[in-house]
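Trainee: Would you be able to build a 3D model of this:
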Amino acid sequence: MPKLFSDPEAIAEDIIRDVGTNLVVGLPLGLGKANHIVNALYARAAADRAINLTFFSALTLEKPRPSSLLERRFIGPVIDRLFGGYPDLAYAGALHAGELPPNIEVIEFFFLAGKWLHVPFAQERYISANYTHASSYLLTRGLNVVTQLVAKRVVDGVTRYSLSCNTDTTLDILRARGQGRASFKLIGQVNSELPFMPGAGDLRGDEFSAVLDSPATDFPLFAPPAEPVSDTKYAIGLHAAGLVPDGGTLQIGIGQVGDALAQGLIVRHHDNAQFHAIMKRLAPGAAPAESAPFARGLYGVSEMLIEAFLGLIEAGILKREVDGVTLHGAFFLGPKSFYRALREMPAEQLARIQMMPVSFTNQLHGDEDAKRRARVGARFVNTAMMATLMGAAISDGLEDGQVVSGVGGQYNFVAQAFALEGARSVLALEATRQAGRKTLSNIRWNYGHQTIPRHLRDVFVTEYGVADVRGKSDAETIAAMLAVTDSRFQDELAGIAKDAGKLPKSFEIPRSHRENFPERIAQALKPARDAGLLPSFPFGSDFTEVEQRLIPALQLLREAQRTPLLLPGLLWQGMRHPPDASNRECLARLGLDRPTTFAERAYRALVNAALARSGAG
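Mentor: This is a model prediction of the structure:
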């Protein structure tokens, strides 16, 4: 049985005595990091330069850091409420400050999106890796310690530990250890909020060398609140929902598009007439490829298990079983309600959700015949930042080499889409983005970095529709991509393609795709929004009702900062019209109900007007 500890410093000393002073420590992606043990090892190495410490990880989670007055007043109480007891990772703070000791190295293969841009140490040591290759890179570097957050259960006097949220790479390297291809110590830290997940990650105690188990080191799980789903994301999700066949297989990537897609599938299943009406307004003359309710249902196989999948189970959509399982996942991360739902789920229902190694979810190798039989009609839905007119996708980095996030499993799922009969890769992206006060197209002629090359082009979805480009010629692909491009950029992009000899000079964008403007999307979705079919938080929210009313107003103010004439108009409106009772409640939440400075009076007027214009007041 493992040695049990109640003190992080003591378990760190035990690791060093057992393994030595050259430590190569694997940390699970995201939620599963044993923060107290990690910090104790960091502190020990920082104090003793004879210790060489390497952390190999991905997705280091950090609390939000608000900057402006409004951000601090809005998000500050939310941070205290949701993250107040979450222990910060010491190595992350040192990286941001540029103060990492020379004997400590941090290597990651996936970043929290945008968090490490222009941080040289992190950028220099980033490893570009497919998710399925990460475990082999760990072993190549001489991994000798793995620390992981675990759930604990005692049955008939026998203690077992669940890898819970991170079976992804840990199960793969445990298999390598069992086969004699690796030698490392598995160290656990018990967390009472972590759901005990059954299946392959339910381990005997003797798999662990040591376990930290103490009320003093228990902490609230990192729980990012669900973000409101915008009209743009809902339009993308609805288009994607029209691509999923009944009886098929579903994978969903990280982000709001997953919530939008799941809610679109729920509307399609429970209110099919409304789904058809929404799609008719959203894409006149282009009926969705799949639009029927789900009689046979879907089977889920996804590296990331998100709260939206639980919504699909509850709605009776995710119900097709494979060996008694409706959903296979490899890691999870979500809001507090998500963790609570898993903890409180009846055993027989939880047994139909199995956490697996990433080698299972993300590739066909290993029991390939069974995977092929299970993954029929597969739709792998992931997000991209940009795409080119000829079908390349940019999802993880910029053309100057700066890494925004990582490849993760995106290439894995694209590869599966081409390897499985009847499967499709669906890459979702917003048609435009804001750069300061300027609107830019996310569909480009070309770009100096690619995540998915154009020879693997398949299906792209923007808020303006679906571009099916698999097996299409370059000219056909360009025409299809132009049809889902924002109309403010169509002519310029078409001109570049014609000048390059990739599009006939006589080509004209059809009139049906000439109204690709945000206003049309908002107008098309408004009836469904008003009817409550497309709520801002389809699967609940950790924000209070007042905070939910404030969010669209604060988003409007952020947009106003990019529009020179809008901000003065809001200020004037807010000063001329006193807040009503509902607005006063929102202003009080921001500490603006009794302003004492000129800045506070200005912010009060701006927020008051933004609440009125956003319809939240």
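
Trainee: Poorly predicted segments of the stretch 501-617 of the chain, please.
Mentor: 564, 616-617 (pLDDT under 70).

Trainee: In a helix, L31, correct?
Mentor: Yes. Judged by DSSP: H, G, I helix; E, B strand; the rest coil, L31 forms part of a helix.

Trainee: ok, now which ones touch M279?
Mentor: 238, 242, 287-288, 291 (C-beta atoms under 8 Å, 6 or more residues apart in numbering). Yep, even glycine has a C-beta here, placed from its N, CA and C like the rest.

Trainee: Most neighbours of all these, which one?
Mentor: Ranked by neighbour count (other C-beta atoms under 10 Å), those have L238 at the top, with 28 neighbours.

Trainee: Tell me the secondary structure at it.
Mentor: Counting by three-state DSSP, the backbone at L238 sits in helix.

Trainee: And for A330?
Mentor: Per three-state DSSP, A330 ends up strand.

Trainee: Tell me the spacing between it and D48.
Mentor: 36 Å (C-beta to C-beta, to the nearest Å).

Trainee: what do you get for L261?
Mentor: Using C-beta to C-beta, one gets 50 Å for the distance from L261 to D48.

Trainee: Please identify which of these two sits among more neighbours.
Mentor: Under the neighbour definition other C-beta under 10 Å, L261 and D48 were set side by side, and L261 has more, 31 against 13.

Trainee: how about the more buried one, secondary structure?
Mentor: Going by three-state DSSP: L261 is helix.

Trainee: Show the pLDDT at it.
Mentor: We have a pLDDT of 98 for L261.

Trainee: got it, and R65?
Mentor: At R65, the pLDDT recorded in the model is 86.

Trainee: What are the phi and psi values at it?
Mentor: In terms of degrees, to the nearest 10, the main-chain angles of R65 are phi -120, psi 90.

Trainee: Enumerate every residue touching it.
Mentor: By C-beta under 8 Å, 6+ apart, the contact set of R65 is empty.

Trainee: which residues touch the lengthiest strand in the chain?
Mentor: Counting by DSSP state E, the longest strand found in the chain is strand 145-155. Defining contact as C-beta under 8 Å, 6+ apart, one finds that strand 145-155 is touched by 15, 19, 23-28, 31-35, 37-38, 41, 159-166, 170, 173, 184-191, 194-197, 211, 213.

Trainee: where does it sit relative to the chain's centre, distance-wise?
Mentor: Distance of strand 145-155 from its chain centroid, counting by C-alpha atoms, centre = their mean, to the nearest Å, is 24 Å.

Trainee: same check, this time on stretch 162-177
Mentor: Counting by C-alpha atoms, centre = their mean, stretch 162-177 comes out at 21 Å from the chain centroid.

Trainee: do stretch 98-108 as well
Mentor: Centroid separation for stretch 98-108 versus its chain: 26 Å, with C-alpha atoms, centre = their mean.

Trainee: how long is it from one end to the other?
Mentor: With C-alpha to C-alpha, to the nearest Å as the measure, stretch 98-108 spans 16 Å from end to end.

Trainee: right, and F413 touches F380 too?
Mentor: Yes. Counting by C-beta atoms under 8 Å, F380 is a contact partner of F413 at 3.7 Å.

Trainee: Find residues that contact each of the two.
Mentor: Here F413 and F380 share the contacting residues 251, 425, scored by C-beta under 8 Å, 6+ apart.

Trainee: and Q523, backbone torsions?
Mentor: Here is the backbone geometry of Q523 (degrees, to the nearest 10): phi -70, psi -40.

Trainee: Can you get me a residue count around it?
Mentor: 13.
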